[in-house]
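*Asks:* here is the input, now give the coordinates:
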Amino acid sequence: MQATGTKFAIRGTSLNADGRTRAVPRVWLEAAGWIVLVTVLWGTDLLAKISERNQTGIGKDDFFLISEQVTSAVAALVMILFVIRWLELFPLRRAVWPRAVIGHTAGTVLFAFGHYALMVALRMAWYQINDHDYVWRDPFVANLIVEYQKDIKIYFGIVIIATAYQMYRRSRSAPAPLSSNRMIVQTGSGESVLRFGQIDYLEAARNYVAVHAEGREYLIRDTMANVAGRLSGGPFARTHRSFIVNVDKVSDIRTVDSKQRVFLGNGKDVPLSRSYRDEFTKKIAG
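*Replies:* Below is the predicted model:
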């Protein structure tokens with residue numbers, strides 16, 4: 001695929017900034033936020049257990065209480081990465097809610113297993129370093145069920161927080177839709193104006209978005225989500241996480257090898273996924 005440009009501008013706004021440069025600080029801030037949250041929650045629980053032991057005189061000493069809370073917190077932090085990735089695979093969207101319910105039901109089991117297994121491994125290593133024997137309770141499955149009853153609450157708590165944060169970010173960074181029917185792209189010799197009628201479809205290409213227009217391709221260094229937001233005022237609809245089509249160019253929709261595909265007037269075709277089918281159909285209907 002030959003790139004004829006790596007800059008995308010709409011109403012004078014350049015979109016060729018390096019996404020990695022902006023993303024690194026945000027990633028560290030997000031990680032710090034999760035660490036602070038887990039520290040506060042697990043620390044509060046630790047203080048409550050110490051207070052209860054001091055009042056009743058029954059309970060473990062500080063070494064065991066702190067060791068158990070810290071290993072549980074570290075294991076939870078590691079599993080947060082799993083939950084965030086799982087949310088990408090099973091987003092909480094109305095159009096795909098049956099898939100999301102099944103996915104996150106399975107996710108609670110995987111989270112509980114991972115959290116418990118990591119806790120056991122960390123405690124065995126930590127206790128051995130400190131000349132203590134860690135005897136984890138048998139049977140494993142029975143105790144996993146006990147842990148599951150607690151971890152399911154943690155799992156959905158993480159899902160709710162992560163989803164709320166994603167919604168907040170989208171609301172803050174959502175680009176304004178186009179008010180015109182043109183976009184400016186940079187070519188090898190300068191800049192050109194593309195009218196919506198010239199664009200056939202757009203395709204994700206790793207860290208770029210490829211604009212297919214009248215037999216030519218233009219590479220934009222941006223995300224599909226940003227580009228889709230800026231094109232939302234035009235005759236465009238997303239058919240797949242990696243494709244956006246000009247609905248005025250659509251000729252028909254066919255099922256090929258049990259999967260639906262959208263065919264354009266120029267003979268090209270793109271996939272139509274179930275996640276975007278309803279949205280695409282509404283756009284086609286006008």
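*Asks:* surely residue 214 touches residue 198?
*Replies:* Yes. Judged on CB atoms under 8 Å, residue 214 makes contact with residue 198 at a distance of 5.3 Å. C-beta here means a position set from N, CA and C on the backbone, and glycine is covered the same way.
*Asks:* which of those two has more residues huddled nearby?
*Replies:* Using other CB atoms under 10 Å, the more surrounded residue of residue 214 and residue 198 is residue 198, with 17 against 10.
*Asks:* for that one, give me its contacts.
*Replies:* Contacts for residue 198 (CB atoms under 8 Å, 6 or more residues apart in numbering) come out as 213-214.
*Asks:* distance of residue 149 from residue 47?
*Replies:* 23 Å (CB to CB, to the nearest Å).
*Asks:* who's more crowded, the two?
*Replies:* Under the neighbour definition other CB under 10 Å, residue 149 and residue 47 were set side by side, and residue 47 has more, 12 against 9.
*Asks:* distance check, the more buried one against residue 129.
*Replies:* Shown here: residue 47 relative to residue 129, a distance of 25 Å by CB to CB.
*Asks:* and what of residue 57?
*Replies:* Counting by CB to CB, the gap from residue 57 to residue 129 is 29 Å.
*Asks:* now residue 50, what's its secondary structure?
*Replies:* Of the three states, residue 50 takes helix under DSSP: H, G, I helix; E, B strand; the rest coil.
*Asks:* check contacts around it.
*Replies:* 62, 65.
*Asks:* make it 7 Å
*Replies:* residue 65 (CB atoms under 7 Å, 6 or more residues apart in numbering).
*Asks:* now stretch 153-163: mean pLDDT?
*Replies:* Averaged across stretch 153-163, pLDDT comes to 95.
*Asks:* buried sites along it?
*Replies:* 154-155, 158-159, 162 (16 or more other CB atoms under 10 Å).
*Asks:* could you dump these into a markdown table with secondary structure and distance to residue 42 added?
*Replies:* Formatted as a markdown table, the buried residues of stretch 153-163 follow (DSSP: H, G, I helix; E, B strand; the rest coil; distance: CB to CB, whole Å):
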| residue | secondary structure | distance to residue 42 |
| --- | --- | --- |
| 154 | helix | 10 |
| 155 | helix | 15 |
| 158 | helix | 13 |
| 159 | helix | 18 |
| 162 | helix | 18 |
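*Asks:* between those residues, which sits nearest residue 35?
*Replies:* Comparing these against residue 35 with CB to CB places residue 158 closest, at 13.3 Å.
*Asks:* wait, doesn't that closest one sit right on residue 81?
*Replies:* No. Counting by CB atoms under 7 Å, residue 158 does not reach residue 81; the two are 10.3 Å apart.
*Asks:* now the residue most central in space within the chain: which helix or strand?
*Replies:* For the chain, residue 88 is the residue whose C-alpha lies nearest the centre (CA atoms, centre = their mean; 3.7 Å). Using DSSP states H and E, residue 88 sits in helix 62-89.
*Asks:* and for residue 281?
*Replies:* helix 274-285.
*Asks:* what comes up buried for that helix?
*Replies:* 275-277, 280, 283.
*Asks:* closest one of the residues you listed to residue 121?
*Replies:* residue 275 (36.5 Å).
*Asks:* quick check: the closest one vs residue 225, distance?
*Replies:* 14 Å.
*Asks:* what's the answer for residue 56, then?
*Replies:* From residue 56 to residue 225 the distance is 54 Å (CB to CB).
*Asks:* with neighbour numbers in mind, choose between these two.
*Replies:* Shown here are residue 56 and residue 225; by other CB under 10 Å, residue 225 has more neighbours (15 against 8).
*Asks:* quick check, that one in a helix?
*Replies:* Yes. Under three-state DSSP, residue 225 falls within a helix.
*Asks:* test my guess that residue 276 contacts residue 243.
*Replies:* No. Counting by CB under 7 Å, residue 276 stays clear of residue 243, with 8.8 Å between them.
*Asks:* against which helices or strands is whichever strand or helix holds residue 169 packed?
*Replies:* When elements are assigned from DSSP H and E, residue 169 belongs to helix 140-173. Judged by 3 or more CB pairs under 7 Å, 6 or more residues apart in numbering; DSSP states H and E, helix 140-173 is in contact with helix 62-89, helix 97-129.
*Asks:* buried residues in the longest one?
*Replies:* Of the residues in helix 97-129, those with enough neighbours to count as buried (16+ other CB under 10 Å) are 100, 103-104, 107-108, 111-116, 118-120, 122-123, 126-127.
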